[in-house]
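Take a look and give me a structure for this.
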Amino acid sequence: MASTSKDARINIVGAGIFGLSTALHLARRGYKNVTVFDKQPYDDTEYSYSKGCDAASADMNKIIRTAYGSQVEYQEMGFEAIEIWKEWNAELADGQDLPPGLTSSDRVFVNCGSLSFTDSEELHPFEIATIKTMESQGHKDTQLVTNDPRHVAIAKSRGQEGACDPFHRRKRGKSSLGVLDSSGGVTIADKACRFALHKARQLGANFVLDPVAGAFDSFMLSSLGRVQGAKTKDGKSHKAELTIMACGGLTPSLVPELDGLCEATGGSVVIYKIPKSSSLWDRTSPENFPTWLWNMRSGAEGGLYGFPRTDEGFIKVGYRGTKYTNPRTQDDGQQRSVPITRWSGKETGEELQQIPVQAMRVIRGFLDEYLPELGEEGIDVALTRVCWYTDTFDNHFVVDHVPSKEGLFVVTGGSGHAFKYLPNIGNWIVDVIEGVQTDRPAIKAWKWRGSQAETSVNVLMEGSQGSRALDNVQLVGKNREERAKL
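Have a look, this model is predicted:
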């Protein structure tokens, strides 16, 4: 690509964070014929899940953190991203040439801190490694241990004292040990995507966002098997020198070469609606409450994360202790997990409004112990959702040309931690496309690689007989009577 003219046609399939950021940075570097295709009419739906968007990027909020244990590459990319998040906030505040629906009072990043905590009496080795790595890279006192008086004083000086004990454990005489990543916080995901889309358009990127005209159908192939572009559901062919697949949870089923490297997996989400009259309204605001992660490395009985309330009063709690799958047999006879959502029934005859019972049990057990005010005030579940990610076996992204498929490039494998890089990941992706500084640790980790090893973080492609397959687990939704039976 380094020798390719900036006039060359480049197609990107998918307008989630990978596709948006890639388009933005290609356009920023002067590529003049970049077109993004997506079946979601995002100009109308505004990346809102409640309006029918079912991609992982279409969400109310996502966690921003720089804490990554000993993984310096992701840590430093996080700090790089945060600086740009702050720039985007400043651009919004300036109020000049904003996309429809956004105003100068909107923010896309709130530095409320990100708390990783545990019910153990000792910090997890990951947290200890994070502190050590931060200090070695010149980020001393960004990671604040919640039972260290000096660190609590630092948090207070930064307006984050409440983030050290957001669940009021100390007031209740209970233990609460964790590490507050004071550099992190929350991004308002749907607004961030809309702003990124707007910025990419300003720089000349084109978008086809339509259920038919923007929907990928198949690849255009030469007689030698080179990918020469993509066909969309309206029957049109879109020739391109490079086709980039950035389709979120759909990518592994559209690019079968990813077998064993990537799989679509479902995270479980429960949302509560906090009324303004609640004692939790002020306490859970972004000014007083952090994003948080609880027992993230404890298997099926842990893996929870959550957020401060939104402006509308929604509090989201997610579960990734078990990553569920939806295996379906495809035309080549191979079973691959494909997303099934509240909205997908229009296309497949299936829909999913519930979440697995195991997820609900862990979430409810946590909230009964850590946020009992929900039950005391009669605040009930407003919505349940399965959010589909694309996991790799090692949790590293995949950013590379597809072997044996000249002209085809994939950007996938977010593994539940990619959204924070919306402002800057595209710059790295374009470096890969152009072959710039590809010896950097992050880019080396994202290269195309063999299938899962014994040391895999995630076990993939267990198929329809696997214990994580949704067809094999009991589901439950927001219905109070159903949940009462658990």
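
confidence score at the most centrally placed residue in the chain?
For the chain, the residue nearest the mean C-alpha position is Phe419 (4.3 Å; Cα atoms, centre = their mean). Here, the pLDDT recorded for Phe419 equals 98.

Isn't it up against Ser57?
Yes. Using Cβ atoms under 8 Å, Phe419 is in contact with Ser57, at 6.6 Å. Yep, even glycine has a C-beta here, placed from its N, CA and C like the rest.

Next up, the contacts around the residue nearest to Tyr421 when sequence neighbours are not counted.
Leaving aside its chain neighbours, Tyr421 sits nearest to Ala81 (5.1 Å; criterion: Cβ to Cβ, 6 or more residues apart in numbering). Counting by Cβ atoms under 8 Å, 6 or more residues apart in numbering, Ala81 makes contact with 64, 420-425.

Could you do Leu408 as well?
Going by Cβ under 8 Å, 6+ apart, Leu408 touches 219, 227, 243, 245, 255, 401-402.

So which of these sit within strands?
Among the contacts of Leu408, the members falling in strands (DSSP state E) are 219, 227, 243, 245, 401.

Would you check that my belief about the last one contacting Val411 is correct?
Read it as His401. No. His401 sits out of contact with Val411 when judged by Cβ under 8 Å, with a separation of 11.0 Å.

In the stretch 151-300 of the chain, mark out all the strands, start to finish.
177-181, 185-187, 206-209, 216-221, 227-232, 237-239, 242-245, 262-273, 291-294 (DSSP state E, counting those that start in this stretch).

mind checking which of these is nearest Glu482?
Of all the strands of the stretch 151-300 of the chain, it is strand 262-273 that lies closest to Glu482, at 13.2 Å by Cβ to Cβ.

Tell me which strands the closest one pairs with, and in which orientation.
Neighbouring strands of strand 262-273 in its sheet, by DSSP bridges, are strand 314-324 (antiparallel), strand 381-392 (antiparallel).

so can I have TSV of the ones you listed showing mean pLDDT, mean neighbour count and distance to Gly162?
Compiled in TSV, these are given as follows (pLDDT from 0 to 100; neighbours: other Cβ atoms under 10 Å; distance: least, Cβ to Cβ, whole Å):
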stretch	mean pLDDT	mean neighbour count	distance to Gly162
strand 314-324	97	23	15
strand 381-392	96	23	24
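
Can you add distance to Pro286 and give these back as a markdown table?
Output for the strands paired with strand 262-273, formatted as a markdown table (distance: least, Cβ to Cβ, whole Å):
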| stretch | distance to Pro286 |
| --- | --- |
| strand 314-324 | 11 |
| strand 381-392 | 19 |
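
Any idea which of those gets closest to Pro166?
Taking the strands paired with strand 262-273 one by one with Cβ to Cβ, strand 314-324 is closest: 11.5 Å.

The closest residue in space to Arg385 that isn't next to it in sequence pairs with what?
Excluding the flanking residues, the one nearest Arg385 by Cβ to Cβ, 6+ apart is Val269, at 4.3 Å. Applying DSSP bridges to Val269 gives these bridge partners: Gly318, Arg385.

burial count for Val269?
23 (other Cβ atoms under 10 Å).

Equivalent analysis for Asn61, please.
25.

how far away is it from Glu91?
According to Cβ to Cβ, to the nearest Å, Asn61 stands 20 Å off from Glu91.

Now do the helices in the stretch 51-200 of the chain.
For the stretch 51-200 of the chain, helices defined by DSSP state H, counting those that start in this stretch occupy the ranges 72-94, 125-136, 149-157, 189-202.

Which strands and helices lie in contact with the second one?
I take that to be helix 125-136. helix 72-94, strand 143-145, strand 177-181 (3 or more Cβ pairs under 8 Å, 6 or more residues apart in numbering; DSSP states H and E).

Which one, of the ones you listed, ends up nearest to Gly306?
Gly306 lies closest to strand 177-181 among the helices and strands packed on helix 125-136, at 13.1 Å (Cβ to Cβ).

Restricting to C-alpha, output that closest one in PDB.
Taking Å, rounded to 0.1, in the frame of the first residue of the first chain, the C-alpha atoms of strand 177-181 are listed here in PDB:
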ATOM      1  CA  LEU A 177      -9.700  -3.200  48.000                       C
ATOM      2  CA  GLY A 178      -8.900  -2.000  44.500                       C
ATOM      3  CA  VAL A 179      -6.900   0.300  42.300                       C
ATOM      4  CA  LEU A 180      -8.300   3.400  40.900                       C
ATOM      5  CA  ASP A 181      -7.000   4.300  37.400                       C
END
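
roughly how far out does it sit from the chain middle?
21 Å (Cα atoms, centre = their mean, to the nearest Å).

Mean pLDDT and distance to Asp106 for the strands of the stretch 151-300 of the chain - can I get that in JSON lines?
Rendered in JSON lines, the data for those read as follows (pLDDT from 0 to 100; distance: least, Cβ to Cβ, whole Å):
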{"stretch": "strand 177-181", "mean pLDDT": "97", "distance to Asp106": "24"}
{"stretch": "strand 185-187", "mean pLDDT": "98", "distance to Asp106": "12"}
{"stretch": "strand 206-209", "mean pLDDT": "98", "distance to Asp106": "21"}
{"stretch": "strand 216-221", "mean pLDDT": "98", "distance to Asp106": "31"}
{"stretch": "strand 227-232", "mean pLDDT": "98", "distance to Asp106": "32"}
{"stretch": "strand 237-239", "mean pLDDT": "98", "distance to Asp106": "33"}
{"stretch": "strand 242-245", "mean pLDDT": "98", "distance to Asp106": "29"}
{"stretch": "strand 262-273", "mean pLDDT": "97", "distance to Asp106": "21"}
{"stretch": "strand 291-294", "mean pLDDT": "98", "distance to Asp106": "19"}
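
how about these in a markdown table, adding distance to Lys32?
Output for the strands of the stretch 151-300 of the chain, formatted as a markdown table (distance: least, Cβ to Cβ, whole Å):
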| stretch | distance to Lys32 |
| --- | --- |
| strand 177-181 | 40 |
| strand 185-187 | 30 |
| strand 206-209 | 10 |
| strand 216-221 | 21 |
| strand 227-232 | 17 |
| strand 237-239 | 15 |
| strand 242-245 | 14 |
| strand 262-273 | 31 |
| strand 291-294 | 39 |
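
just so I know, which of these lies nearest Lys447?
Lys447 lies closest to strand 262-273 among the strands of the stretch 151-300 of the chain, at 13.5 Å (Cβ to Cβ).
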